[in-house]
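**Q** please find the sequence and the predicted model below.
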Amino acid sequence: MSAPPDVGSRMLLSFEGLEPPTWLVDWLARSDLAGVSLFRGVNIESAAQTRDLTAALQAARGDRPPLLVATDQEGGQLRAAGPDTTPFPGNMALGAVGDADLAREVAFATGRELAALGINVNYAPVCDVASNPDNPSMGIRTFGSDPAGVAALAAAAAAGLAAGGIVAVAKHFPGKGEAHVDPHWELPRLDIDEAHLEAVEMPPFRAALAGGARILMVGHYDVAAITGAAGTPTSVSRETVAYARDHLDFDGVVLTDALNMHALGQGAASVVESIAALAAGVDLLLCISDSAGHRAMHAGLARALDRGLVPPDGHRSSAGRVSHLRAGLGLAPQPDLDVVGCAEHAALARTAAARAITLVRDGGLLPLRPRPDDTILAVMPQPEDLTPADTSSLDPPLLAEVLRRHHPRVTEIVTAHAPTPGEIAMACDAARSARYVVAGTIEASRNDAQAALVRALLDVGGDVVVAALRTPYDLTAFPEATTYACTYGILEPSLAALAAALFGEARFPGRLPAPIAGLHPAGFGLGR
């Protein structure tokens with residue numbers, strides 16, 4: 001029997017720099033590495049630079065099958081493919097629209113842009129169901145709380161990406177909706193049974209795989225209903241892989257989520273976790289480290305294979321699945337770079353954003369009708385990354401700017417993400433002389449200072465419109481608010497759509513994709 005494939009054929013590496021570093025070029029020249037992951041701010045600066053980078057990476061592989069070149073381009077709060085790409089609204093905004101055809105169209109456009117950049121794998125669609133509003137790592141990444149609705153949109157997104165020439169990745173198996181902690185920092189325990197798994201978590205994954213997703217990403221979760229052992233991460237569990245193969249009838253590539261998450265052991269323990277994942281039948285490891293860490297990982301995996309800790313037959317099968325996936329890449333012509341951020345896609349982003357805007361309450365303030373000399377106060381927090389899976393900090397606070405397109409006299413206050421007492425006092429002083437106040441929030445349901453700011457503005461007694469600029473749950477922190485709208489994102493198309501609707505130049509067609517506990521059910525929206 002021939003020698004087993006190099007374990008590098010089961011590793012997706014990461015690196016720092018806008019060009020391939022020498023160590024990676026050398027490794028690609030002499031080893032059949034599976035591919036790389038690219039990150040905004042680390043590897044991606046512009047569309048032209050990214051296309052040059054991916055071309056250089058593919059050239060370095062020689063005559064081997066194309067590399068997997070992956071990124072996180074979910075849309076909304078996670079737009080890792082760079083600032084030149086179209087700012088499409090995220091999944092929750094698409095959930096507020098509820099139109100599978102639109103979701104497919106957005107995913108197809110996203111896929112065409114990624115293909116133009118030389119990226120061939122997208123860590124999307126998110127198949128998790130929004131069953132826990134306190135989930136710190138979910139945000140607007142989910143399509144919503146209804147498993148059937150999420151399934152329809154996940155299938156459409158997977159199909160759209162595939163049609164655009166991209167390998168879609170269904171994540172985060174077996175579903176993280178019930179998580180109360182972020183796996184970036186610790187292992188979430190999900191107290192769910194198999195009935196819940198089949199009724200809630202599995203439908204979106206089945207639909208996404210049927211829609212064309214060719215990779216299944218396994219997350220790091222403690223789900224004893226699958227693993228049979230409390231405390232065992234799903235990503236290193238043989239039972240988890242078997243569940244995917246048997247219950248989902250999936251014969252494609254199984255990929256771990258990033259191995260640098262603290263739900264798994266780190267440092268030297270990371271090599272042990274990786275060996276356990278391969279021994280469990282996982283096909284591909286998402287490795288986030290430096291060159292020394294990658295070399296240690298490779299050496300440890302090679303020794304584990306040599307010692308029989310990773311079954312040789314299983315290794316051959318997994319390497320074969322990855323090789324088969326790679327062999328099908330690069331067959332279609334690469335789109336021209338001018339598709340990235342093109343006018344057609346910008347129009348699609350505006351349409352999607354406008355259809356998502358949801359009016360939950362109207363206390364008689366809308367539409368806004370300021371007189372020429374009236375002042376509008378716009379208040380919002382400075383965007384920041386609420387989890388490592390977030391690019392919000394790279395997006396400017398645009399609430400005042402979009403309001404000025406409809407009324408010139410807009411005073412702007414941008415607070416810290418958690419407003420200080422001084423900022424709250426300053427906003428209240430400005431509110432006393434304003435005709436209207438438009439207060440934007442970013443997860444105020446989980447940020448006491450933001451909630452305190454909104455309550456203080458409401459206590460001033462003027463005409464206050466509260467706009468949730470991320471998740472819709474913020475109303476639970478100030479249920480006394482009488483005028484409340486949701487955008488499901490801070491990107492320019494979403495905020496521009498909000499402004500147009502507030503001034504009566506557009507409607508609020510969206511519906512809540514998830515319930516606001518104790519206040520409004522999923523599917524609710526005034527629709528005016």
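**A** Sure thing, it's come through. Residues are numbered from 1 along each chain as shown.
**Q** run through who's touching stretch 283-303.
**A** 6-8, 10-16, 21, 23-24, 34, 37, 215, 217, 253-260, 270-272, 274-275, 277-278, 310, 318-319, 321-322 (C-beta atoms under 8 Å, 6 or more residues apart in numbering). Any C-beta I mention is one placed from the backbone N, CA and C, and that applies to glycine too.
**Q** mind redoing it with 6 Å?
**A** The contact list for stretch 283-303 (C-beta atoms under 6 Å, 6 or more residues apart in numbering) reads 7-8, 10-14, 23, 253-256, 258-260, 271, 274, 318, 321-322.
**Q** list the buried ones in it?
**A** For stretch 283-303, a neighbour-count test (16 or more other C-beta atoms under 10 Å) marks 283-289, 291, 293-294, 296-298, 300-301 as buried.
**Q** just the buried members of the contacts of stretch 283-303?
**A** Buried by 16+ other C-beta under 10 Å: 7-8, 10-14, 253-256, 258-260, 271, 274, 318, 321-322, out of the contacts of stretch 283-303.
**Q** sort out for me which of the residues you listed are in strands.
**A** Using DSSP state E, the subset of the buried ones among the contacts of stretch 283-303 located in strands is 11, 12, 13, 253, 254, 255, 256, 258.
**Q** quick check, pLDDT for the second one.
**A** At residue 12, the pLDDT value in this model is 97.
**Q** quick check: bridge partners of it?
**A** On the basis of DSSP bridges, residue 12 is bridged to residue 35, residue 286.
**Q** next, the buried residues of whichever strand or helix holds residue 24.
**A** Assigning secondary structure by DSSP states H and E places residue 24 in helix 22-30. Neighbour counts using 16+ other C-beta under 10 Å place 24, 27, 28 of helix 22-30 among the buried residues.
**Q** distance of the last one from residue 121?
**A** Counting by C-beta to C-beta, to the nearest Å, the separation of residue 28 from residue 121 is 17 Å.
**Q** what's the answer for the first one, then?
**A** For residue 24, the distance to residue 121 equals 17 Å [C-beta to C-beta].
**Q** do the second one as well
**A** Here residue 27 is placed at a distance of 19 Å from residue 121 (C-beta to C-beta).
**Q** sorry, back to before: same list (the buried residues of helix 22-30) but as a markdown table, adding distance to residue 211 and pLDDT.
**A** Formatted as a markdown table, the buried residues of helix 22-30 follow (distance: C-beta to C-beta, whole Å; pLDDT from 0 to 100):
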| residue | distance to residue 211 | pLDDT |
| --- | --- | --- |
| 24 | 33 | 96 |
| 27 | 34 | 95 |
| 28 | 32 | 95 |
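**Q** what would these look like in CSV with distance to residue 98?
**A** As requested, these are arranged in CSV below (distance: C-beta to C-beta, whole Å):
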residue, distance to residue 98
24, 43
27, 46
28, 44
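**Q** what is the nearest of those to residue 229?
**A** residue 27 (36.0 Å; C-beta to C-beta).
**Q** next, count neighbours for the closest residue to the closest one other than its chain neighbours.
**A** In space, and not counting its chain neighbours, residue 27 is closest to residue 33: 6.2 Å by C-beta to C-beta, 6 or more residues apart in numbering. When neighbours are counted by other C-beta atoms under 10 Å, residue 33 registers 25.
**Q** state the distance from residue 33 to residue 21.
**A** Remark: distance between residue 33 and residue 21 (C-beta to C-beta) = 13 Å.
**Q** residue 185 too?
**A** Relative to residue 21, and taking C-beta to C-beta, residue 185 is found at 29 Å.
**Q** check residue 416 too.
**A** With the distance defined as C-beta to C-beta, residue 416 ends up 37 Å from residue 21.
**Q** ok, now residue 78?
**A** Separation of residue 78 from residue 21 (C-beta to C-beta): 25 Å.
**Q** neighbour-wise, which of these two wins?
**A** Remark: of residue 78 and residue 21, residue 78 carries more neighbours, 25 against 13, as counted by other C-beta under 10 Å.
**Q** all helices for the stretch 151-300 of the chain, in order.
**A** For the stretch 151-300 of the chain, helices defined by DSSP state H, counting those that start in this stretch occupy the ranges 194-196, 202-211, 224-227, 238-247, 268-279, 291-306.
**Q** any idea which of these gets closest to residue 438?
**A** Closest to residue 438 of the helices of the stretch 151-300 of the chain is helix 202-211 (C-beta to C-beta; 34.6 Å).
**Q** sorry, back to before: nearest to residue 437, of the buried residues of stretch 283-303?
**A** Nearest to residue 437 among these, counting by C-beta to C-beta, is residue 288 at 42.7 Å.
**Q** pLDDT score for that closest one?
**A** Note on residue 288: pLDDT of 92.
**Q** next: residue 462.
**A** According to the model, residue 462 carries a pLDDT of 88.
**Q** near it, how many other residues are there?
**A** Around residue 462 there are 16 other residues, counting by other C-beta under 10 Å.
**Q** next up, the contacts around it.
**A** Contact analysis of residue 462 by C-beta under 6 Å, 6+ apart lists 431, 437.
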